[in-house]
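Engineer: Next one to model:
(one chain, ligands or ions: 2)
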Amino acid sequence: MDLLVDSSTIHLNQTQTTLFGVYDEVSKYNVQLNIAERLWAAWYLWMQNDTLATGILSFVMHEAVYYGRSLPWIIIGMIPYFDKWKIQNLKTPSLKEQAHCALVVLFSHFTVELPQIWFFHPVATWCGMDYGVPFPPMWKMAYQICIFFVMEDTWHYFAHRSLHYGPLYKAIHKLHHYYSAPFGLTAEYASPIEVMILGLGTIGSPAIWVYFTNDLHLFTMYAWIFLRLIQAVDAHSGYDFPWSLRHFLPFWAGADHHDLHHEKFIGNYASSFRWWDKILDTEATQEARKRRREKKLAEFQAKKKQ
Ligand SMILES: [Zn+2]
Ligand SMILES: [Zn+2]
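Structural biologist: Ligands and ions are numbered 1, 2, ... in the order given. Below is the predicted model of the structure:
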């Protein structure tokens, strides 16, 4: 087994055949590991195939987080009490619409994403990603994830803005804009090409990081993807609560930022933060649109006078 943990710290009894049997064995000889680390080591030791182990873990995690996070939004959509925080109050998706969306996304997960997931482990380890135990310290995971958020947001801004260029919009991005009032499940309702282009920011940011620093753990990568998925689903939720993160972190984009993008089709291209749209004057707010119109008008009038 080409694993993982320092082989001297894991003594696996070959008679252990169930995952929890392996877990017990790992626990017996590795009391210094926490529960998550023991489970992680047991999973890889039990699977006996690291590519398969990472592939299954990645796919299951994606499905669980995506649909698991969408579920509270479906329930919130059924409770009228929350309507006062709905961004586009008039447009409420029916359950049938939500079921259609969930099935389309599920189909693309199985047909487009699942085959690619098998390349993930070999490429990740080739880039230098670690997947042994113990896991890295929390502080390291936290700062690396912050860097990935900034990198992904930058990629997302420019790639997403490019996808709004006429022919690219028609051929690729139009599908994602099918819902002008998004709801949680619409986060990944997109063409497979779009999923690949924008997904590059999520997968590529840690890949570039580990290529140059040689310091990244697969568990950090999962924590990052977990948070990025939550961010994507929440940004499409259609609700802006007084306790939403953007009210505490003014540069955080949140649902109100992306909802406006779906409503107006132009502006607010970034995913997690507001700075790129501010710096490059592509905000979709009423004021920004008015300011741009006035600026254009002034330019036009100045041209006419020449
Ligand atoms: Zn768009
Ligand atoms: Zn969207």
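Engineer: Any stretches of the stretch 1-150 of the chain with poor pLDDT?
Structural biologist: 1-16 (pLDDT under 70).
Engineer: ok, now with 90
Structural biologist: 1-17, 89-95, 112-119 (pLDDT under 90).
Engineer: Helices along that one, start to end?
Structural biologist: Assigned by DSSP state H, counting those that start in this stretch, the stretch 1-150 of the chain shows helices spanning 19-29, 35-47, 50-78, 95-108, 114-126, 138-163.
Engineer: same deal with the stretch 151-300 of the chain?
Structural biologist: 166-168, 192-213, 218-235, 254-264, 275-279, 286-305.
Engineer: Pipe those into CSV and attach distance to Arg246 per row.
Structural biologist: All C-beta spots, glycine's among them, are computed from the backbone N, C-alpha and C. Compiled in CSV, the helices of the stretch 151-300 of the chain are given as follows (distance: least, Cβ to Cβ, whole Å):
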stretch, distance to Arg246
helix 166-168, 29
helix 192-213, 20
helix 218-235, 10
helix 254-264, 3
helix 275-279, 13
helix 286-305, 16
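Engineer: State the distance from Val26 to Gly55.
Structural biologist: Taking Cβ to Cβ, to the nearest Å as the measure, Val26 falls 21 Å from Gly55.
Engineer: cool, Trp276 as well?
Structural biologist: For Trp276 relative to Gly55 (Cβ to Cβ), the value is 33 Å.
Engineer: Likewise for Ile75?
Structural biologist: Taking Cβ to Cβ as the measure, Ile75 falls 31 Å from Gly55.
Engineer: These two: which has the busier surroundings?
Structural biologist: Ranked by neighbour count (other Cβ atoms under 10 Å), Ile75 and Gly55 place Gly55 first, with 19 against 10.
Engineer: so that one touches Ile117, yeah?
Structural biologist: Yes. Using Cβ atoms under 8 Å, Gly55 is in contact with Ile117, at 4.6 Å.
Engineer: How about Ile208, nearest residue that isn't a chain neighbour?
Structural biologist: Leaving aside its chain neighbours, Ile208 sits nearest to Met151 (7.3 Å; criterion: Cβ to Cβ, 6 or more residues apart in numbering).
Engineer: Contacts only, for that neighbour.
Structural biologist: Gly201, Ser205, Ile208, Trp209 (Cβ atoms under 8 Å, 6 or more residues apart in numbering).
Engineer: ditto for Lys303
Structural biologist: Counted by Cβ under 8 Å, 6+ apart, Lys303 has zero contacts.
Engineer: got it, and Leu175?
Structural biologist: Tyr189, Ala190, Ser191, Glu194.
Engineer: tell me the contacts of the residue nearest to the first one when sequence neighbours are not counted?
Structural biologist: Setting aside the residues directly before and after it, Tyr189 is nearest to Cys101 in space (Cβ to Cβ, 6+ apart), at 5.3 Å. Cys101 makes contact with Pro93, Tyr179, Phe183, Leu185, Thr186, Tyr189 under the criterion Cβ under 8 Å, 6+ apart.
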